[in-house]
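**Q** From the sequence below, what's the structure:
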Amino acid sequence: MSVGLDFRTWLVGASYLVAATLFLLGLQRMASPATARSGIQWAGVGMLVATFATFFLPGLHNIPLMVVGIVLGTVVTWIWGKKVAITDMPQMVALFNGMGGGSAAGIGAMELVRWSAAGTAAGAVPLTLALLGALIGSVSLTGSIIAWAKLDGRMDKRYTFPGQQWFNAAVAVATVVCAIVAAQTLAMPWIVAFFVLALALGVLMTLPIGGADMPVVISLYNAFTGLAVAFEGYVLGNEALIIAGMMVGAAGILLTRLMAKAMNRPISGVLFGSFGGGGQMQEIAGAQKPIEAGDVAAMMAYAERVVIVPGYGLAVAQAQHKIWELAQRLIERGVKVKFAIHPVAGRMPGHMNVLLAEAGVPYDLIADMDDINPEFPNTDVSLVIGANDVVNPVAKTDPASPIYGMPILDVVESKNTIVIKRGKGTGFAGIENALFYADNTRMLYGDGAEMAGALVSELKALDGGGH
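**A** The predicted structure follows:
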């Protein structure tokens, strides 16, 4: 009997090692757009191996309930993932990430309830990590739900009130106090109070965060979820959870730091502050000047260098394929075309990269902000489609602006700028864009996909209708 148990334990451990290797290889491949898809597949296979191996753990209980949960979760998320529009991808990522944090918090809750019933914990370290994982997971759960509501337009982008940060700090202190007392007494009232406050803290932390910071927030809560899973994995003695959680946590922290650096923002500024110095914003002089598709096509057809700047509006219009067709037409005419990506363009990390990859844009035509900014003064035409806050010059010129201090794409320095925009509305940060009023900017009003299609048709006409 013991030999059989030893073999099963060895088999599970070996399977977890295989899964961890696949996680590492998958994460490595995700670092490059060219191999990211296969990296996700490798990591997915690793998770399947780890999940299947877990069923062979000695003394496992509630197997039918586990199977039902896995089947339901797989079916629901598979259907949801297949049907979700690309514009709703940030919301889905935020919500699913929150579910991971909630699962980690649930593990911590069950262990604390079990120890409370027994009157003793498994040890000081497991107890501490159970509480810490539950705290981080709870914050990630409710914080991600608020982020989802903001991204989905169900909630205003910012909720503030006088003394808000002091109130949040008081709730955080009360949460820690309840955790300490719960650890010492294992009394259910203190455990319940701890979870109520932890869940409330996630809501309170996310309410005042504005739209410009939302990609960083999603990345940060992703890191929180990973850390929570790792801590609870230690509590359960499950190596797969520890490894997977630490990888997600480490990757999320690194990504959050990179994005915060790209925005010239400390993490504390995202969570506890806001862009800009406050006060009255400067008035924007001038007027938006419209242009027709035929004139834009001629301007681009005879340009030497064109830079295309995609933003969230590109996703809304589902215009990525038409924009790539437009770029191909220009390249055939000998125009040098590049795509410029801001690190926080869109509403989640890598949003624009996903869109362009879906359309088949080669990776060597995609440039990041630091590489492309020196090229704008020598760019004949910059075509902005759907981007707003990440090309707004007030980030450099107006200390009172909510986005002041955020590095931007220096599109305003181009010789000519064309902005495809459905109307005269503001961006996700809710402020006017000075780029739209610049002397060298013209506005091509209309749906992104329709205008891109019109530009392609005009280019064909210039070529005599040829292919």
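**Q** dump the residue contacts of the closest residue to residue 178 other than its chain neighbours.
**A** Excluding its sequence neighbours, the residue lying closest to residue 178 (CB to CB, 6 or more residues apart in numbering) is residue 194, at 4.0 Å. Where C-beta positions appear, they are placed from N, C-alpha and C, glycine not excepted. By CB atoms under 8 Å, 6 or more residues apart in numbering, residue 194 lies in contact with 131, 134, 135, 175, 178, 179, 182.
**Q** Burial check on the residue lying closest to residue 238 once chain neighbours are set aside, number of neighbours?
**A** Spatially, and ignoring its direct neighbours in sequence, residue 238 is nearest to residue 54 (7.5 Å; CB to CB, 6+ apart). Residues lying near residue 54 (other CB atoms under 10 Å) number 17.
**Q** same deal with residue 287?
**A** 9.
**Q** so when I look at it, I'm seeing a helix, right?
**A** No: counting by DSSP: H, G, I helix; E, B strand; the rest coil, residue 287 is not found in a helix; it is coil.
**Q** how about the closest residue to it other than its chain neighbours, what does it touch?
**A** Spatially, and ignoring its direct neighbours in sequence, residue 287 is nearest to residue 437 (6.6 Å; CB to CB, 6+ apart). Contacts here follow CB under 8 Å, 6+ apart; on that basis residue 437 touches 284, 285, 286, 287, 288.
**Q** From residue 387, how far out is the fourth one?
**A** Look at residue 287 and residue 387: by CB to CB, to the nearest Å, they are 21 Å apart.
**Q** how deep is the closest residue to residue 311 other than its chain neighbours tucked in, by neighbour count?
**A** Residue nearest to residue 311 in three dimensions, not counting chain neighbours: residue 387, with 2.8 Å by CB to CB, 6+ apart. By the criterion of other CB under 10 Å, residue 387 has 30 neighbours.
**Q** Look up phi and psi at residue 387.
**A** In terms of degrees, to the nearest 10, the main-chain angles of residue 387 are phi -80, psi 150.
**Q** who's in contact with residue 35?
**A** residue 29.
**Q** Sorry, slip of the keys, the one I care about is residue 256.
**A** So residue 256 contacts 216, 219, 220, 223, 267 (CB under 8 Å, 6+ apart).
**Q** Which of these fall within helices?
**A** 216, 219, 220, 223, 267 (DSSP state H).
**Q** Could you double-check that the first one sits in contact with residue 262?
**A** What it means is residue 216. No: with contacts defined as CB atoms under 8 Å, residue 216 does not count as touching residue 262, sitting 9.2 Å away.
**Q** tell me which helix or strand of this protein sits lowest on mean pLDDT?
**A** helix 267-272 (a mean of 68; mean pLDDT, DSSP states H and E).
**Q** so the residue nearest to residue 178, which of the three states?
**A** Under three-state DSSP, residue 194 comes out as helix.
**Q** ok, now residue 404?
**A** coil.
**Q** burial count for it?
**A** Residue 404 is flanked by 19 other residues according to other CB under 10 Å.
**Q** okay, now the domains of the chain?
**A** According to automatic domain parsing, the chain comprises the domains 2-272, 293-462.
**Q** Return the distance of the last one from the chain's centre.
**A** Spelled out, that is domain 293-462. Domain 293-462 sits 21 Å away from the centroid of its parent chain (CA atoms, centre = their mean, to the nearest Å).
**Q** Show the end-to-end separation of it, please.
**A** Distance across domain 293-462, first residue to last, is 12 Å (CA to CA, to the nearest Å).
**Q** Give the rounded mean pLDDT of that domain.
**A** Domain 293-462 carries an average pLDDT of 86.
**Q** Now the helix or strand that contains residue 101: buried residues?
**A** Assigned by DSSP states H and E, residue 101 belongs to helix 89-118. Residues of helix 89-118 classed as buried: 89-105, 107-109, 111-112, 115-116 (neighbour count, 16 or more other CB atoms under 10 Å).
**Q** and it, how far from the chain's centre?
**A** That offset, for helix 89-118, works out to 20 Å (CA atoms, centre = their mean).
**Q** what's that helix packed up against?
**A** helix 63-83, helix 124-151, helix 188-206, helix 214-236, helix 351-359 (3 or more CB pairs under 8 Å, 6 or more residues apart in numbering; DSSP states H and E).
**Q** tell me the most buried of these?
**A** Most buried of these by mean neighbour count (mean count of other CB atoms under 10 Å) is helix 214-236; its value is a mean of 26.
**Q** Return the residues in contact with the residue nearest to the spatial centre of the chain.
**A** The residue lying closest to the centre of the chain (CA atoms, centre = their mean) is residue 348, at 2.9 Å. Taking CB under 8 Å, 6+ apart, we find residue 348 in contact with 89, 90, 93, 94, 214, 215, 218.
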